[in-house]
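[1] Fold the following, please.
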Amino acid sequence: MKELTFNVYVPSYQRYGDKVRIYDHLEYCTYVVRKSEEAKYRAAGIERIWSIEDSLIDSMHKVFQYIIDESPEDVICIVDDDGKFMYRNIDNSDMTNEQASSELERVAQMMVDLNIGYGCTDANPAPFYYDQEFKFKGMSGGCKWFNKAAFGARIDPATNYNFDLDLELQELLTHRVIFKPVYFIDVGGMDTNAGGSNVDKNQTKRIEGIMYTKSKWGKYFDYNFDSNKAKIKVQR
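    Below is the predicted model:
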């Protein structure tokens, strides 16, 4: 039997120097950066770097799809680069680098065992929301797993910042399930760390993406602009 291969990838843009975060909280990961910025990331102390021609990954959608398509591993985890630390809801404790990496690997193995294509941490990092170890619904957080043998969705650039939500809907309506560990969370700085997608993030694009997603998915998706919350409505 072929040995399962796995890696953690961190797409990053303009977050070198003092903006580097998640790199210091994992045992290992590979930063995916534009070739024009490779030297700056190396100068910031990042050793494992996959540098790619700028034009191939010059948007959030392009870099995610490139990693999914071109990475050699069977299962990958893509982690937001602005994560501050990893936290265990199950016992209210910060995780060491080794513990964090071990949990990412454990989830990957469980997804393979269950033949599930898409996994994610929770979008709400508040520990007091914790009520169970695993869920199979909800919004995507800063860690996303892709089991390539079972994953069949493609990123739709027109969804703008909702691309991960769109991936969930594609997987749910095809396979009826995603995998969501909630016993640990990645604690990040939502739209607060300079660089990354914040470079071109604005309200107009956000609303355009929401309205497109609503028109694309109809009854399966809704958005409450008053509470700023999305809702996936797929019956299981």
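[2] Listing partners with orientation, what would you give for the lengthiest strand in the chain?
    The residue-count maximum for a strand in the chain (DSSP state E) belongs to strand 140-147. Paired with strand 140-147 in the same sheet, following DSSP bridges, are strand 75-79 (antiparallel), strand 118-122 (antiparallel).
[3] Keeping just the C-alphas, turn the first one into PDB.
    Think strand 75-79. Below are the C-alpha coordinates for strand 75-79, written out as PDB (Å, rounded to 0.1, in the frame of the first residue of the first chain):
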ATOM      1  CA  VAL A  75      -3.500  15.400   1.200                       C
ATOM      2  CA  ILE A  76      -2.600  19.000   2.000                       C
ATOM      3  CA  CYS A  77      -3.500  21.600   4.600                       C
ATOM      4  CA  ILE A  78      -3.500  25.300   3.500                       C
ATOM      5  CA  VAL A  79      -3.200  27.600   6.500                       C
END
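[4] Can you list the strands that whichever helix or strand comes after that strand pairs with?
    As assigned by DSSP states H and E, the chain's next helix or strand after strand 75-79 is strand 83-88. According to DSSP bridges, strand 83-88 has the following sheet partners: strand 93-94 (antiparallel), strand 184-188 (antiparallel).
[5] ranges for the strands of the chain?
    Using DSSP E, strands in the chain cover 6-11, 30-34, 49-52, 75-79, 83-88, 93-94, 118-122, 134-135, 140-147, 180-181, 184-188, 221-224, 229-232.
[6] list the contacts for residue 33?
    Listed by C-beta atoms under 8 Å, 6 or more residues apart in numbering, the contact set of residue 33 reads 11, 12, 13, 41, 49, 50, 51, 52. Yep, even glycine has a C-beta here, placed from its N, CA and C like the rest.
[7] what's the answer for residue 20, then?
    44, 45, 46, 81.
[8] For the last one, grab the count of nearby residues.
    Translated: residue 81. Neighbour count for residue 81, taken as other C-beta atoms under 10 Å: 24.
[9] where are the low-confidence patches of the protein?
    1, 125-128, 189-201, 236 (pLDDT under 70).
[10] can you do 80?
    Within the chain, the segments meeting pLDDT under 80 span 1-2, 84-85, 124-130, 137-138, 188-202, 235-236.
[11] Going along the chain, name the helices of it.
    With helices called from DSSP state H, the chain shows them at 38-43, 60-70, 97-114, 163-175, 203-217.
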